[in-house]
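**Q** I'd like to go over a predicted model; first the sequence, then the structure.
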Amino acid sequence: MRSAALAVGIAFLLSPSALEAQTEQDLEGAWRVTEVVTSGPDARTITTPQPGLLLFAGGYYSYTLINGDEPRPGLPPGFASAEQLLMVWNPFSANAGTFEISGDTMRRRPIVAKDPNAMAPGAYNEYTFRISADTLWITTVGTEAGPARNPPTVKYVRAR
C-alpha cells in the first residue's frame, strides 16, 4: 500500500501539468537582460546589452527592452526630425500579454505592443527556455509566420 501511494505521488510530480505549474511558478517575477547571443551569418554576443526588463505574473508577461549594445541618442528639445525619432524609437521594443508554457516551450500572445502587427488576432511568439537558480535563458523559436531565422538567445538574471 505504501509503495503504491509513493508510486502515485511520483507519477503526479512527473506529470506534465505538475511540471508546467512548477516552471510557471519559477518564471514569476522580474528579470533583467544581461546578455544577447545572436546566431547565423552575423553571429555575435553582446555581453553589455542595453537595458531590458521581462516580467511574469499570473499568466501575464510584459517586456520592454532596447535592442543593441549602444545607448540611444537623446531627442533635441522642441522639434525632432523623422531621422532623429527613428534613431530613438526603432531600437525600443515593448509588448505585454498572456503566456502559456508546455515543458520547456513558452508561447506569448501580445495584447498590446509597440508594433501593431504583433498584436493582430492569432499573433504569437514561441520560445524555448531554461532556468538555473536566478538565471533564465530564452531562445526565439518562431512566430505564427514560421520558424525564426538566426534565433537569438537572451540571458536574464532575476531582478532584486
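**A** Nice, I can see it.
**Q** all helices of this structure, in order?
**A** For the chain, the helices defined by DSSP state H cover 2-14, 16-27, 82-89.
**Q** lowest-confidence stretch among the ones you listed?
**A** Here the lowest mean pLDDT among the helices of the chain goes to helix 2-14, at a mean of 40.
**Q** got a list of what residue 39 touches?
**A** For residue 39, the contact set (CB atoms under 8 Å, 6 or more residues apart in numbering) comprises 150-153. From N, CA and C alone the C-beta is placed, and that goes for glycine too.
**Q** and what of residue 48?
**A** Contacts of residue 48 (CB under 8 Å, 6+ apart): residue 69.
**Q** For it, give me the backbone phi and psi.
**A** phi -130, psi 70 (degrees, to the nearest 10).
**Q** Would you quantify the distance from it to residue 39?
**A** 19 Å (CB to CB, to the nearest Å).
**Q** and if you look at residue 126?
**A** If you go by CB to CB, the gap between residue 126 and residue 39 works out to 16 Å.
**Q** Just list the residues touching residue 135, thanks.
**A** Per CB under 8 Å, 6+ apart, neighbours of residue 135: 155-158.
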